[in-house]
Every structure is written in structure tokens, then in C-alpha cells.
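Participant: Requesting a structural model of the entry that follows:
(one chain, ligands or ions: 1)
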Amino acid sequence: SASQDEPGELRFPAGFVWGAATAAYQIEGAANEDGRGPSIWDTFSRTPGKVYRGHTGDIACDHYHRYRDDVAIMADLGLASYRFSVAWPRIQPDGTGPVNHRGLDFYDRLVDELISHGIDPVVTLYHWDLPQTFEDRGGWTNRETAEAFADYALAVYGRLGDRVKTWTTLNEPWCSAYLGYSSGRHAPGVQDPAAAFAAVHHLNLAHGLGVAALRSAGAQTIGITLNPASVLPLDEASEADQAAVRLVDGLHNRIFLDPIVKGEYPADVLEHLERFGGTPWLRDGDTALINQPIDVLGVNFYSPTYVGVREGAPGNVEEYPGTEGIEFREPVGPVTDMGWQIEPSALTKLLTRIGRDYPGLPLLITENGAAYPDGPGPDERVTDTLRVNYLDGHLRACHDAISNGVDLRGYFVWSLLDNFEWAEGYKKRFGIVHVDYMSQRRTPKDSARWYREVIRRNGLAVAGGTEE
Ligand code: GBH
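Facilitator: Next comes the predicted model:
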């Protein structure tokens, strides 16, 4: 067991951090206030056909104006920590231009409000809302974007660094690169695999330059959040299927983790890239710049990925260029409202694997959660039993990983609030707090009450076990 489990309890280690997460464009709204400039998501969501029913983040949860109410909800839940992102276009409306102090003022107020409620802020510097001016010059395909990121990081650190201890550079660069520049499902909506690989590298470089800048400025705990895939073989015994796992793992996981943690791109991945124009963006010394020591790795997890070699399979070439002949299995068994398979044991496997292949790196679950189409019943109650089941199962999976020796330090639910779910707009609800987008009324769901109890006891009750 992970720590001092009492009978009937599954306890987490002392000091385990319980939190919830959000991202700027998904909750803030106030898109044109206090000097904020446009981001690629403003442009993308205004482009017909890109986002469900043309939804945008213009108003979202109006968190920009309601952050005090939202912090009060967090305090009521007993959250130890809150992970949010800073909108680069609020800080530098033109991307590289002078700092907009009114933009920093908002995060300054938010951080003070959190701290006055005893909630530790965890800042993500980039959660997909790139200032549009960069995209006009190629966005993440342009090396200059990576170089500008370090200046932006320093501007935010300069204002919040006296109170924020934990900093992460990027959220899920896999999504920024492959969904942004290959499948085009996310902003900026480009469909060009070679562009996606250039974006991967410049995101890695932005991370490295950002870490170096934050480190020299004196930041305490620095890391990055990835969405590492738990890639599993259709047939454990098949060598061909294991090779398919290795290819997808390379394109999804090792292309980020290896340069960041080990200082080199994997040879098999570099060889695969030869089919897409090679590595013209790679300069001498880049991998050393990317390979800055980090203090924590954020892991976002939702669902496993099953692959195997099957003749004639089309692959998933939009998200994994060059995977013709590989079958990506359709979900089996229960799925969430996103259609994503629910399999908590895949999280245990993933954490155990990261702990083994990248030892010495403390881990945080920076996102885990589920979408369900829930809303208040006649009694105003939101009975989201399926979300409670999902969260409970994944917390057990975390506990199993800790029992296997994985150095997992905390867990952040995605998400505190229902919010703008990117290409899915407001249709998909991930919150443990329901948001009525007409009235902006917040209603804690049953999952919020359940989570408060998990936090209070630093663990879970064992089914059939004796209560405390
Ligand atoms: C995260 O992205 C984001 O950080 C967050 O902003 C977002 O709101 C949240 O998750 C929910 O989407 O089709 O079964 O193979 C997660 C993005 C989710 C992309 C899983 C790839 C593949 C699932 N990833 N997805 S599956």
C-alpha cells in the first residue's frame, strides 16, 4: 500500500497535492478587455466550420470577472492547489511587444485571492492561445516563436514569481504541434505533417529556453505538462504489434521526453522523419538547450491508445504521420461523452513506464477527468455518478502506481468548471462544477462533493471496507 492505509481506507502519501485545473481561453472570457490581443483560438473559433456551432471563448465562464466566486468554490472544496494558465495575448498583445500591465494585473489579483484562501497556485505559461501575430509569421513552425517565449516567461515571472512556486512551460505540446499543424483540428488549423514536426521542435526549444530563463530568474519548481499516450499493443505476443507501439510511442512520447530529459531525439524517430523532409529546423546545440534540468513532469491522462499492424489499415496519419498499415483500435467497452475509452489500468501502466524510463523525475497528474452531458435535475442537484466512477477508478490507478514505487506527488482534476472544450465548444462538460452559460450560475456537482471528501481524508474509502 502507498502509505499508512487504515482498514477501509486507501490513503495517499502525506503531503500529496490535491488540485483542480483550468486554462485561460477555456474559462476567462473578457476576450477584448484590458488590452488583450487576439490569439490563434480567437481566429480559429471565428472560422466557419472549425468549432461546434461557431462557439468562441469570448465570454466562456466569465472567470475574468468572477474569479473571486470561483476561488471561493475552490476553498469550499478544500483544494490545496489550483492549476491555471496565463494568456500570452493578455501579457503581450502583439506577441513580442511591450508588456501590458493591465493583463498582468488580473493574474496578480487571482494569485493574491488564491493565497489568501490557502490555495497554492500552479502556473502554466502556455495553454494553446498563441498571440495571432506569431501565426502570421508561421507560428510554431518559426523558430522566433520559441525565442520570444523566454521573454514572455520572464515578464510573467517578474510579476508573480514572489508568490508562485510551481511553473510549467507548456501544456501538451503534442496537441499544439499535431492537432494544430497536421490534423488541423485545433488552431491554427494547418494540415502539413512537415510543419507539425517543425512545431514539435520549436515547442521543445521554447520549453528549454523558458526553463533556462525561469531558472536564472530564481523560480523554485519548474516543469512541463505533456499528455503522454499510454500506447498498448492489440496483441501482447505479436512482435509486429510491439513495433507499432514503438513507432506511435516515438511520435507521441519520446519525441518530447527524450530531448527534454535525455538531451537527444531518438534515432528511430529521426529516421521516421526522413519521410517528411528530415530535420531542417535542427541546429547544433539545440538539444542541449532543450535538455534543461526540470523538477517535475506534469502528466495529463484521459484514455489509452491501442495499436497493432494490420494489412490495409489506413493508420491515423493525420495525428501520427506515416502510420499507414497500423490499426488504431476503436474504443472497447464504456466510453465518456468524448467517445474516449475508460481504462484506469492504462494510467498505472503509463506512470510506471515513465517512472522506469525517466527515473528521478517527480510526477504530477496535471489533468484527469471525464466529459458527461450532465445538468441540474428538478432538485437543482447534478448527479454525475459516471464522473465519480471515472475519477475514483483513476485515483485507484494512481494509488497502484505509487505502490509500484512511482514518485507521484499530486493530482489535479480536469476541470474545476464546465468550459470551452476547444473544437467541441460548450457541448462537452468536464467540470466538477456545472456552469449555466446563460446565467453564469455555478452548481457544484455530486463529483465536487465526492472530491471534497477524498481531499478531507487524503484518500478513498475501500468498497465494502469499514468507514473511519
Ligand atoms: C486536454 O487535452 C487539454 O489540456 C484540455 O485543455 C482539454 O480541455 C482536456 O484535455 C479535455 O479534452 O481519441 O481516445 O484516442 C486532451 C487532448 C485527449 C487529445 C485524448 C488526444 C485522444 C483520445 N487529448 N485524445 S482517443
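
Participant: in the stretch 101-250 of the chain, which spans are strands?
Facilitator: 120-126, 166-171, 221-226, 231-233 (DSSP state E, counting those that start in this stretch).

Participant: for the stretch 251-400 of the chain, same thing?
Facilitator: With DSSP E, counting those that start in this stretch as the criterion, the stretch 251-400 of the chain has strands spanning 296-300, 305-309, 326-328, 363-367.

Participant: Contact partners for residue 343?
Facilitator: 303, 304, 333 (Cβ atoms under 8 Å, 6 or more residues apart in numbering). (C-beta placed from N, C-alpha, C; glycine too.)

Participant: Among these, which ones are in helices?
Facilitator: Assignment to helices by DSSP state H places none of those there.

Participant: now these: which count as buried?
Facilitator: The neighbour-count test (16 or more other Cβ atoms under 10 Å) marks 303, 304 as buried among the contacts of residue 343.

Participant: can you narrow the contacts of residue 343 to ones near the ligand?
Facilitator: Among these, the residues within reach of the ligand (Cβ under 6 Å from any ligand atom) are residue 303.

Participant: need the contacts of residue 343 in TSV with pLDDT, can you?
Facilitator: Formatted as TSV, the contacts of residue 343 follow (pLDDT from 0 to 100):
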residue	pLDDT
303	98
304	98
333	95
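
Participant: In CSV: the contacts of residue 343, plus distance to residue 419.
Facilitator: Shown next, in CSV, are those (distance: Cβ to Cβ, whole Å):
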residue, distance to residue 419
303, 19
304, 24
333, 27
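
Participant: out of the contacts of residue 343, who's nearest residue 46?
Facilitator: Distance to residue 46, by Cβ to Cβ, is smallest for residue 303 among the contacts of residue 343, at 29.5 Å.

Participant: My guess is the closest one contacts residue 340. True?
Facilitator: Yes. Between residue 303 and residue 340 there is a contact at 3.8 Å, judged by Cβ atoms under 8 Å.

Participant: tell me the most buried of the strands of the stretch 251-400 of the chain?
Facilitator: Across the strands of the stretch 251-400 of the chain, averaging neighbours per residue (mean count of other Cβ atoms under 10 Å) puts strand 363-367 on top, at a mean of 25.

Participant: quick check: angle from that strand to strand 166-171?
Facilitator: Relative orientation of strand 363-367 versus strand 166-171 (axes from the mean of the first three to the mean of the last three Cα atoms, to 10 degrees): 60 degrees.

Participant: circling back to that earlier point, of all the strands of the stretch 251-400 of the chain, which one comes closest to residue 78?
Facilitator: The closest of the strands of the stretch 251-400 of the chain to residue 78 is strand 363-367. By Cβ to Cβ, the value is 17.6 Å.

Participant: Just the CA atoms of that closest one, as CSV, please.
Facilitator: Extracted in CSV, the C-alpha atoms of strand 363-367 (Å, rounded to 0.1, in the frame of the first residue of the first chain):
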residue,chain,number,x,y,z
LEU,A,363,5.4,13.4,-11.4
LEU,A,364,2.1,15.2,-11.1
ILE,A,365,-1.2,14.3,-12.7
THR,A,366,-1.9,17.8,-14.0
GLU,A,367,-5.2,16.7,-15.7
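
Participant: who does it touch, helix- and strand-wise?
Facilitator: Packing contacts for strand 363-367, counted by 3 or more Cβ pairs under 8 Å, 6 or more residues apart in numbering; DSSP states H and E, involve strand 17-21, strand 221-226, strand 296-300, helix 344-357, strand 408-414.
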